[in-house]
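*Asks:* prediction below, plus the sequence it came from.
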Amino acid sequence: MTSTLEGMRVKGAVDLLLFNPPYVVTSDEEELVAQQHASIEGSWAGGLYGTRLLQKLIDDGLIEETLNSQGRFYLVAIKQNDPEGLMKQLQKRGLDVEVSNVYLI
């Protein structure tokens with residue numbers, strides 16, 4: 001059993017990785033229930049900071065491991081996810097980071 005990108009065997013082979021993770025800030029309990037019941041809430045319930053799944057990808061080094069040397073990673077995030085903090089974490093992993101667009105709704 002695996003999650004995220006671990007079982008895909010695409011190490012260094014991905015040109016473009018688009019990521020629209022569950023990013024809405026929710027309680028740990030709400031996130032757990034949504035994921036266990038495979039309900040629609042699981043598509044947006046992102047945990048305490050709305051970054052639980054993304055944090056796993058960053059911490060496990062799966063983003064830089066998956067992309068090829070010219071690969072691009074696009075991420076959807078909201079203000080509550082602390083985009084600046086996420087950018088710093090990605091930079092510490094050796095990735096070049098920039099904000100493409102900011103939409104206020």
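*Replies:* Here it is on my side, so go on.
*Asks:* how about the helix or strand of the chain with the lowest mean pLDDT: buried residues?
*Replies:* Every helix and strand of the chain was ranked by mean pLDDT, DSSP states H and E. The lowest is helix 28-36, at a mean of 78. By 16 or more other CB atoms under 10 Å, the buried positions in helix 28-36 come out as 31, 34-35. (Glycine included, C-beta is placed from N, CA and C.)
*Asks:* Ser27: what's it in contact with?
*Replies:* Applying CB atoms under 8 Å, 6 or more residues apart in numbering, we find Ser27 in contact with Leu48.
*Asks:* coming back round to it: neighbouring contacts of the least confident helix or strand of the chain?
*Replies:* For helix 28-36, the external contacting residues (CB under 8 Å, 6+ apart) are 22, 26, 39, 41-42, 45-48, 52.
*Asks:* returning to that earlier point: could I get the buried residues of helix 28-36 as CSV with distance to Gln91?
*Replies:* Formatted as CSV, the buried residues of helix 28-36 follow (distance: CB to CB, whole Å):
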residue, distance to Gln91
Glu31, 27
Ala34, 31
Gln35, 29
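*Asks:* ok, of the residues you listed, which one's closest to Arg93?
*Replies:* Distances from Arg93 to the buried residues of helix 28-36, taken as CB to CB, are shortest for Glu31 (24.2 Å).
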